[in-house]
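Enquirer: Here is the input, now give the coordinates:
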Amino acid sequence: MIFGASFWNKKKTFEVFLKKDDRWQLHALCDEEKDAVNEAQLLLRLGKTLAVKVVRHRVLSSSASSEMVVYEATANPPKEKPIVISTPVGELAVCKIVDDLFTADGRRTIGQVMRDYLQRANICTTELLHSFSHIRKLQDAQGLVNAGLHRVGSAQAAALGVPVKERMQLLDTLVTQAQQKARAFAAERASFPDFKGQDLGGLSSIVAQKVGLEHHDYVLNALISIWLFECRSLLSKVDALTRLAQDNVENGLVRQVDAILSDTMIFAEVVQELFAPQPNLGTALRQMGSVVLCRKGIADQVANPTLKIIAGMIQQGHLPQTQAALADRLLREINTDRPLDQRAPDKEGALLDELVLSLTGEDGTILGGDRTRQSVDRRRLRQRQEILRAQGLHSVADNLR
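Expert: Next comes the predicted model:
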């Protein structure tokens, strides 16, 4: 025998496990305990898992084996950031009656103010307005409702020249009325058939017969919102709504689907995923502008299959609200300080020139008008300031206007 029992007693391996979906999963094998522990600690630091352990595996001379946990640790769960309530930007919607909340302007304002909450809840504005359970859940977080009402009420009061308290009282009344509408539908929900994503036209006819044209849109949107609950991500909702819109062009119900689809464009992550992959932000915005302005052949140039359908339907005039929502997202991105190419700052000027050209029509008008021109001017100013600072001329850059 060349190797004695002492050799086998010393044969050890160290297995690094991480916890995934409440189950331990083998991640790596190491010859040294120190290396295994370091690897486990690295997994925690990188946020790859919330729990790790290192198991020492020893082979005995009798061909048997023994195991012992030599290291185990858990990460402190990350603290959830507080929900952000945003200030509405752009054209301000001034609601006077409860139905104004459901208009394109009303939904856009709600989406802007409550975007963080909506994204965490995985719902769009239409779903919030038509679901009693969603409204009640938001009402339970009363601080969020009050904060949102104050942001909107303050902006509206300033625009109208009226006391903030007056606007707050009216908005609070409208929110209560919206909740009452949702509660009334929830009580009658069982009298309507389930919607499974097929034959929206047939469901529309049934709804019209039961509640009349006055309440048709509200009830149909509520039933679509229930169906959307089965979609577990905002992107999957975009996919489902896009195909639903495509299937309902001839019967005219595409207008109703378009309104809901446009609500999903308030989320930056949704738009970024639709227009990915792109080498930089400037190229992505240029392609977004081509979709909004219906450039010839743009539907064939986009990679995402869902966006391909959306671009084609915008060109055909079927998705005006989605088109407007994308335009608003585009203009807001231009107005940010984000560089058009983070990895190549020297290309900023050229990318901005290309973006401006792509947003300019044959008649010389630019998408967004003065709003876009002002944003472009601010970007050009920042470019000049950065060039001066790179040359050490900080005071000149600071005084540049």
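Enquirer: in the chain, which spans are strands?
Expert: In the chain, the strands defined using DSSP state E lie at 12-20, 23-30, 51-59, 65-74.
Enquirer: Please compute how far the last one lies from its chain's middle.
Expert: It refers to strand 65-74. Mean-position distance between strand 65-74 and its chain equals 41 Å (CA atoms, centre = their mean, to the nearest Å).
Enquirer: now the second one
Expert: Going by CA atoms, centre = their mean, the spacing between the C-alpha centre of strand 23-30 and its chain's C-alpha centre is 33 Å.
Enquirer: What strands line up against that strand, and which way round?
Expert: Here strand 23-30 has these sheet partners by DSSP bridges: strand 12-20 (antiparallel).
Enquirer: same thing with the third one?
Expert: Strands that pair with strand 51-59, judged by DSSP bridges, come out as strand 12-20 (antiparallel), strand 65-74 (antiparallel).
Enquirer: buried ones in that strand?
Expert: Using 16 or more other CB atoms under 10 Å as the test for burial, strand 51-59 gives 51, 52, 53, 54, 55, 56, 59. Heads up, the C-betas are built off the backbone N, CA and C, glycines and all.
Enquirer: Provide a list of residues in contact with residue 19.
Expert: 25, 49, 50, 51, 52 (CB atoms under 8 Å, 6 or more residues apart in numbering).
Enquirer: Just name the closest of these to residue 355, please.
Expert: Nearest to residue 355 among the contacts of residue 19 is residue 49, at 41.1 Å by CB to CB.
Enquirer: Could you pull up the residues touching the closest residue to that closest one other than its chain neighbours?
Expert: Distances taken as CB to CB, 6 or more residues apart in numbering place residue 18 nearest to residue 49, at 3.9 Å, with adjacent residues excluded. For residue 18, the contacting residues are 24, 25, 27, 40, 43, 48, 49, 51, 52, by CB under 8 Å, 6+ apart.
Enquirer: Kindly report the same for residue 274.
Expert: With contact taken as CB under 8 Å, 6+ apart, residue 274 is in contact with 238, 304, 306, 307, 310.
Enquirer: Out of those, who's the most crowded?
Expert: In terms of neighbour count, residue 310 stands highest of the contacts of residue 274 at 27 neighbours, by other CB atoms under 10 Å.
Enquirer: Any chance of the buried residues of strand 51-59 in CSV with distance to residue 195 and pLDDT as columns?
Expert: As requested, the buried residues of strand 51-59 are exported to CSV (distance: CB to CB, whole Å; pLDDT from 0 to 100):
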residue, distance to residue 195, pLDDT
51, 42, 92
52, 45, 94
53, 47, 94
54, 52, 94
55, 51, 93
56, 57, 91
59, 61, 74
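Enquirer: Put together JSON lines for those residues, with distance to residue 279 on each row.
Expert: JSON lines is the format used below for those (distance: CB to CB, whole Å):
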{"residue": "51", "distance to residue 279": "38"}
{"residue": "52", "distance to residue 279": "37"}
{"residue": "53", "distance to residue 279": "42"}
{"residue": "54", "distance to residue 279": "41"}
{"residue": "55", "distance to residue 279": "44"}
{"residue": "56", "distance to residue 279": "48"}
{"residue": "59", "distance to residue 279": "52"}
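Enquirer: which helix in the protein runs the most residues?
Expert: Longest helix of the chain, by residue count under DSSP state H: helix 164-188.
Enquirer: buried set for that one?
Expert: Here helix 164-188 shows 167, 168, 170, 171, 174, 175, 178, 179, 181, 182, 185, 186 as buried, counting by 16+ other CB under 10 Å.
Enquirer: try stretch 337-347
Expert: Buried residues in stretch 337-347, defined by neighbour count with 16+ other CB under 10 Å: 339, 340, 341.
Enquirer: so the first one makes contact with residue 281?
Expert: This means residue 339. Yes. With contact defined as CB atoms under 8 Å, residue 339 reaches residue 281; the gap is 7.1 Å.
Enquirer: distance between stretch 99-106 and the chain's centre?
Expert: Relative to the chain's own centre, stretch 99-106 is displaced by 21 Å; criterion: CA atoms, centre = their mean.
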